[in-house]
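*Asks:* Just the structure for this:
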Amino acid sequence: QVQLVESGGGLVQAGGSLRLSCAASGDTFSINDMGWYRQAPGKQRELVAVIRRDGSTNYGASVKGRFTISGDNAKKTVTLQMNSLRPEDTAVYFCQVRDSWLVDYWGQGTQVTVSS
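*Replies:* Below you'll find the predicted structure:
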């Protein structure tokens, strides 16, 4: 089992920045990927960014060039730096990890609100 604790999020004006962090505990030796997803009201959960054990990254199309994901393998933490935020980035952001058995674990979610 893996437990995830998220921090960061909040209210920011359009064009501003926020940083989200997530720390994993428990069976962290099995973690392969760490990432962030988001879900806006009435919409499906979507990928924001993921970083793999080998350091490679993937980003959702709408955040490329604005968001940066980074991870610390030793500390089992993942951080999402969000710049040039837009009102459409408003959502609940969830930390997610996938272990070597392809089991996904989710954080409780943190609200990000971008005002226009």
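
*Asks:* Against Ser62, how distant is the spatially closest residue to Ile69 that is not a sequence neighbour?
*Replies:* Leaving aside its chain neighbours, Ile69 sits nearest to Ala49 (3.9 Å; criterion: C-beta to C-beta, 6 or more residues apart in numbering). Placement of C-beta: from N, CA and C, glycine included. Note on Ala49: its distance to Ser62, by C-beta to C-beta, to the nearest Å, is 11 Å.

*Asks:* if I look at the residue nearest to Ile69, how far off is Gly109?
*Replies:* Distance from Ala49 to Gly109, by C-beta to C-beta: 16 Å.

*Asks:* Counting neighbours, go ahead and name the busier of the two.
*Replies:* Ala49 (23 against 17; other C-beta atoms under 10 Å).

*Asks:* show me the contacts for the more buried one.
*Replies:* Counting by C-beta atoms under 8 Å, 6 or more residues apart in numbering, Ala49 touches Gly35, Trp36, Thr57, Asn58, Tyr59, Gly60, Val63, Phe67, Thr68, Ile69, Leu80.

*Asks:* That one and Gln111: what is the separation?
*Replies:* According to C-beta to C-beta, Ala49 and Gln111 sit 18 Å apart.

*Asks:* Repeat that for Asn32.
*Replies:* 28 Å.

*Asks:* just Gly35 next, same as before
*Replies:* With C-beta to C-beta as the criterion, Gly35 and Gln111 are 18 Å apart.
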